[in-house]
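In: from the sequence below, what's the structure:
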Amino acid sequence: MGIVRLTTAQALVRYLAAQQIEIDGEVTSLFGCAFAIFGHGNVTCLGQQLYENQSVFPTWRGQNEQSMAHAAIAYARANQRRRIGIATSSVGPGAANMVTAAGVAHTNRLPLLLLCGDTFQSRLPDPVLQQTEHFSDPSLTVNDAFKSVTRFWDRINAPSQLTVALPQAIATMLDPADCGPALIALPQDVQGEAWDFPESFFAPKVHRIRRPQPEEIDIELATDAIKAAKRPLIIAGGGVFYSGARDTLINFAEKHQVPVVETIAGRTLLPDDHPLNCGPIGATGSNSANHMCHDADLVLAIGTRLQDFTTGSWTVFRDPDMKLISINAGRFDATKHMAQSIIADAKTAIAQLDTKLGDHCADASWVAKGVGEKAAWKEIVNARMAATETACPSYAQVIGKVNQLVNEGDRVITAAGGLPAELNMNWQATYPYSLDIEFGFSCMGYELAAGWGNKIARPDNESIVMVGDGSYLMMNSDIYSSVLTGHKMIVVVCDNGGFAVIRKLQTNTGNVAFNNQLEDCTTERDYDLPRVDFVSHARGLGAHAEKVTHLNDFDDAFERAKAADRTYVLVLDIDDTVWSSCDAWWEVGLSEVSDNPSVNEARDNWEAGRQHQRRGV
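Out: Sure thing, here's the model as predicted:
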């Protein structure tokens, strides 16, 4: 067996460059891009190796470590978890900046490789620049903070450890059950240390996403339960996308006439006009889906972790004898909430259930109820989105415009604030994969970075970012990143003058409006309320930008954005008093005791909504 003497950094990047993946019969590099801001913890050794492997995966320079990791996450999401982005930082604050993004990847079960510089393994230069120093545990560094938000974590204290750590990190990121972020901490001295690696370690390796097979008894039990049900309902989650099971799901639903509702991560699996599509479920969903959930006596949850926004904090299921069957590759997600679990790949499990069910169909009256509920909901949505003669439109009206103007392959991206709920409720899908709504970790600042990462993954289609003024102010520098690297986005900034959706929650729970809208913030000066000139700001970052002063002008402005040679920002003022809603309850912590009558009234109303909450979940 041949050997080759390499430094840790050389071996690390050479190994990553040798990893490939088979996608629909074609083999391509597993790692499609890297994002880097260099500092003293990653420039001298790792940076040079990334430069030398640009032909395998290019390295793009971001402006903030958190946003670079967000871009890598969006890249993986756009590739349905089958290709992975890398983000690297130096020591200390650069690494700490990426902890939030790791939380996004962890919560949403998305692969992300983080390569973080670390202090010296020898400790001879201690304390080094940016070293936090823990008095009782000298081994702790900032990178230990990632342990709560990564699926795999390791610190390389000798070059030889790469031969163990890297295969395990990649196996974790590609595992449909354990998928999530992996962190490799790289002490500065170890990056340059050399070892005699076996040449076989760097041989090209082709990965294939495994499909866990269901237990036969689980399929049989689920089949019996479905056949016995009078009102079966499918909840389709993001795992259906990642399994490549969209067509399989649709065929199953059509053959057995089972209505379908979608989670936020599962949105656009079915066309909006499909007769079995009953709409989005939950607190930010639709009356149609939630009403179907009220009456369902069996729920087949596929590829979803059933978080509280999906279940209305477990109040959307009203039949006390409702049976829950959960298909999920992850044991943890499949077995929670007292579910009868099928721990398996979604596509495989659906196909086997299909065979076992034969010609069995749900009752036609149940399907008809779903059609009627959806028609009523669609009237509500169409009325919300209808353009009016207003210079200050609602979120829904802007969404209606974008909905009409997108093409197949385009993707609309948002996160946190008011837009996720508004998009989830009002988007009428014509094309699959047209939404990326980050509402698992609900991370403000994801939007613009994700638009950049999505464009890198899907260069031939429009990357359309819908972002509120609050999130824009929190993290906007990737407008410049997109201009610098040549990855054009269309950005729609919806300016409602602050954190309006949180003010809505604040006042809806009986509290006084405070510190959310700009007008409600504490100030020591008496002057006209300052507002951000987002158009000038975006132009200052190198983008084209314009203010759309009337909704009637939006179509033409959007066409100019599509025709532009680089990132184009459209800014609209949004009515902060008009919100979409649905029949659902969501649990928030409210004061049991208050001198404020409105808080007490809100608590009483909230407690009334709790009566339907499923216990023991």
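
In: need the three-state assignment for residue 190.
Out: The assignment at residue 190 comes out as helix when based on DSSP: H, G, I helix; E, B strand; the rest coil.

In: just the strands in the stretch 201-350 of the chain please.
Out: For the stretch 201-350 of the chain, strands defined by DSSP state E, counting those that start in this stretch occupy the ranges 205-207, 232-236, 260-262, 277-280, 298-302, 323-328, 340-343.

In: buried deepest among those strands, which one?
Out: Stretch with highest mean neighbour count among these: strand 260-262 (a mean of 29; mean count of other Cβ atoms under 10 Å). To be clear about C-beta, it is placed using only N, CA and C from the backbone, and glycine gets the same treatment.

In: ok and the top helix by length along the chain relative to strand 232-236, angle-wise?
Out: Identified as the longest helix of the chain according to DSSP state H is helix 364-385. On the basis of axes from the mean of the first three to the mean of the last three Cα atoms, to 10 degrees, helix 364-385 is oriented at 40 degrees to strand 232-236.

In: out of the strands of the stretch 201-350 of the chain, which gets nearest to residue 144?
Out: Of all the strands of the stretch 201-350 of the chain, it is strand 205-207 that lies closest to residue 144, at 28.9 Å by Cβ to Cβ.

In: quick one, which of the strands of the stretch 201-350 of the chain is nearest to residue 467?
Out: strand 277-280 (20.6 Å).

In: name the helices or strands packed onto that closest one?
Out: Of the remaining helices and strands, those touching strand 277-280 by 3 or more Cβ pairs under 8 Å, 6 or more residues apart in numbering; DSSP states H and E are strand 260-262, helix 287-295, helix 364-385.

In: what about the longest helix of the chain, distance to the chain center?
Out: Distance of helix 364-385 from its chain centroid, counting by Cα atoms, centre = their mean, to the nearest Å, is 27 Å.

In: which residues sit against the helix or strand following that helix?
Out: On the C-terminal side of helix 364-385, the nearest following helix or strand under DSSP states H and E is helix 395-405. Contacts with helix 395-405, where a contact means Cβ atoms under 8 Å, 6 or more residues apart in numbering, come from 381, 384-388, 390, 412, 418-419, 422-423, 425-428, 464, 466, 492, 494, 551, 554-555, 558-559, 572, 574, 578-580.

In: just the ones of those in helices?
Out: Using DSSP H, the contacts of helix 395-405 in helices are 381, 384, 385, 419, 422, 423, 425, 426, 554, 555, 558, 559.

In: from those residues, which two are the most distant?
Out: Farthest pair in those, by Cβ to Cβ: 425 and 559, 26.2 Å.

In: between those two, who's got more neighbours?
Out: residue 425 (24 against 11; other Cβ atoms under 10 Å).

In: excluding chain neighbours, what is closest to the more buried one?
Out: residue 580 (4.6 Å; Cβ to Cβ, 6 or more residues apart in numbering).

In: torsion angles phi and psi at that neighbour?
Out: phi -80, psi 150 (degrees, to the nearest 10).

In: what about it, distance to residue 417?
Out: Residue 580 sits 13 Å away from residue 417 when distances are taken as Cβ to Cβ, to the nearest Å.

In: these two: who's more crowded?
Out: residue 417 (26 against 21).

In: give me the nearest residue to the more buried one, chain neighbours excluded.
Out: Nearest one to residue 417, counting by Cβ to Cβ, 6+ apart, is residue 468 at 4.3 Å.

In: got a pLDDT number for the one you found?
Out: We have a pLDDT of 97 for residue 468.

In: my guess is residue 183 is in a strand, correct?
Out: Yes. Applying three-state DSSP, one finds residue 183 inside a strand.

In: isn't it up against residue 153?
Out: Yes. With contacts counted by Cβ atoms under 8 Å, residue 183 reaches residue 153, the gap being 5.0 Å.

In: looking at the two, which has the bigger crowd around it?
Out: residue 183 (27 against 21).

In: so what's the more buried one up against?
Out: Contacts for residue 183 (Cβ under 8 Å, 6+ apart) come out as 102, 114, 116, 143, 146, 150, 152, 153, 154.

In: run through the bridge partners of it.
Out: residue 114, residue 153 (DSSP bridges).

In: distance of it relative to residue 113?
Out: 8 Å.

In: quick one: common contacting residues for residue 183 and residue 153?
Out: By Cβ under 8 Å, 6+ apart, the residues touching both residue 183 and residue 153 are residue 146.
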